[in-house]
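Q: Using only what follows, build the 3D model:
(one chain, ligands or ions: 1)
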Amino acid sequence: MRLYVTGGTGLVGSNVIRLARQRGYEIIASQYGPAPEWAVDYQLDPLDLRDHAAIRRSILHYQPDAVIHAAAILDQIVMDTQRELCWRIMVGGTRALAEACREVGARLVFVSSDWVFDGREALVHEGSPPNPVNFYGLMKVASERDLGALDGLNYGVARLAGIYGFNYAAPSLLRKENGLGFDFSVYVMHRLAAGLPAEVWTGPKVNDMAHPTLASDCADMLLRLARHDGNGIFHCFGSESINRIELAHQIAAAFDTDPALIMPTRTDQAVLDAMRHIGIPYRTRASCQRTAEALGRRAFTVAEGLAAFRQEWDAFHGARDAK
Ligand SMILES: NC(=O)c1ccc[n+]([C@@H]2O[C@H](COP(=O)([O-])OP(=O)(O)OC[C@H]3O[C@@H](n4cnc5c(N)ncnc54)[C@H](OP(=O)(O)O)[C@@H]3O)[C@@H](O)[C@H]2O)c1
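A: Numbering: from 1, shown residues only. This is a model prediction of the structure:
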């Protein structure tokens, strides 16, 4: 399969590329900012999603069988304050990609988010009506609807949630600080492994309950979706919903660290101030049953995901230490 990946330097995209290469796929990855930290064995193609004509040119040039569109802006403040620019990148870029995919007959897997929901319903499934509480969620919903309205497009919307793991394009950029846009699981794991307290914000403006998903597990679901022939929406989430305190305790257990270092703390005031106009879904619980049936497997439970992450972590550091 010839697979075109956007956002290949990101957490999700780098895992997709890694797994797809292991499976022998031919990869073309769009490149926006700096190239990956080491030499790659696939084709890089410079592309800025603001440039819709360039998107079409690139897809027509490479004629992929499938496209996994994982590039996005994730900074909530940028999205809230630069809406026109972000709309052009996220909604306009996705639309341009979809039209180009339809032109060459490629399947499009668009990466969306559980944040299309407000985090207030007891249980949402693939067909539940979305109700985004911030501009990011609104843009994802707009793209989902755009794809559904494009006659003749072969597509799957892959909603993701709470991704953690290695960014294989830039492992030095592990998002391990507590703050906006950080990777909660990696932060907790780093702190506990260093014998330091790990603060777990419990106040408002946090996504308290979610479906943590290991990036490599998510990559497998995205690749299955790229080969699937059904159109529509899929919940590629870890199979359990869990709150942050419980998750921190499972991380401590998976990494053999001291759970007494887990410190429930009020959300940082600077974050509360920066986010005061931005809604965050508080508790998300979703059914992934239809997706599991369609893709032929269920995603990892929390414990399975953390055990696999520990193996990746040990393998990565073992390989690095051996150099
Ligand atoms: N992380 C999560 O917990 C989570 C949860 C739900 C859904 N998602 C969705 O999953 C997808 C991937 O997220 P991620 O965590 O992998 O994000 P990420 O690590 O921040 O990666 C984002 C990617 O988008 C690229 N990009 C940004 N602006 C671009 C532009 N103007 N043109 C082309 N590429 C651009 C970035 O390139 P550079 O590296 O060069 O800047 C990077 O490769 C996104 O659609 C996100 O909405 C993520």
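
Q: What are the boundaries of the strands in the protein?
A: Ranges of strands in the chain, per DSSP state E, are 2-6, 26-31, 43-46, 66-69, 107-113, 155-160, 163-164, 198-201, 209-210, 213-214, 232-235, 242-243, 262-265.

Q: wait, does the fifth one contact the ligand?
A: Yes. Using CB under 6 Å from any ligand atom as the criterion, contacts between strand 107-113 and the ligand involve 111, 113. To be clear about C-beta, it is placed using only N, CA and C from the backbone, and glycine gets the same treatment.

Q: Sheet partners, orientation included, of that strand?
A: strand 66-69 (parallel), strand 155-160 (parallel) (DSSP bridges).

Q: Pick the most buried one from these.
A: Comparing the strands paired with strand 107-113 by mean neighbour count (mean count of other CB atoms under 10 Å), strand 66-69 ranks first with a mean of 28.

Q: quick one: it near the ligand?
A: No. Strand 66-69 does not reach the ligand (CB under 6 Å from any ligand atom); its nearest approach is 7.5 Å.

Q: so where is the stretch 151-300 of the chain shaky, pLDDT-wise?
A: Low-confidence segments of the stretch 151-300 of the chain, defined by pLDDT under 70: 171-182.

Q: Could you report the neighbour count for residue 126?
A: 17 (other CB atoms under 10 Å).

Q: Looks like it contacts residue 291 (just checking).
A: Yes. Counting by CB atoms under 8 Å, residue 291 is a contact partner of residue 126 at 6.5 Å.

Q: intersection of neighbour lists for these two?
A: 234-235 (CB atoms under 8 Å, 6 or more residues apart in numbering).

Q: which residues touch the closest residue to residue 238 other than its chain neighbours?
A: Among residues not flanking residue 238 along the chain, residue 213 sits closest, at 4.0 Å (CB to CB, 6 or more residues apart in numbering). When contacts are counted by CB under 8 Å, 6+ apart, residue 213 is found next to 160-164, 236-238, 299-300, 305.

Q: do residue 43 as well
A: Contacts for residue 43 (CB under 8 Å, 6+ apart) come out as 27-29, 62.

Q: quick one: the residue nearest to residue 238 from residue 31, how far?
A: 25 Å (CB to CB, to the nearest Å).

Q: Ok, residue 265 next?
A: For residue 265, the distance to residue 31 equals 38 Å [CB to CB].

Q: So those two - more neighbours on which side?
A: Legend: neighbour count by other CB under 10 Å for residue 265 and residue 31, higher for residue 31 (19 against 14).

Q: So what pairs up with the more buried one in the strands?
A: For residue 31, the beta-bridge partners are residue 46 (DSSP bridges).

Q: How about the residue in the stretch 1-150 of the chain that the ligand sits nearest to, nearest residue that isn't a chain neighbour?
A: Residue nearest to the ligand within the stretch 1-150 of the chain (CB to the nearest ligand atom): residue 10, separated by 2.2 Å. Of all residues not flanking residue 10 in the chain, residue 70 sits nearest, at 6.0 Å (CB to CB, 6+ apart).

Q: returning to that earlier point: could you say which of the contacts of residue 213 is surrounded by the most neighbours?
A: Result: residue 236 is most packed of the contacts of residue 213 (other CB under 10 Å), 31 neighbours.

Q: burial count for the nearest residue to that residue once chain neighbours are set aside?
A: Of all residues not flanking residue 236 in the chain, residue 221 sits nearest, at 4.0 Å (CB to CB, 6+ apart). Residues within reach of residue 221, counting by other CB under 10 Å, total 26.
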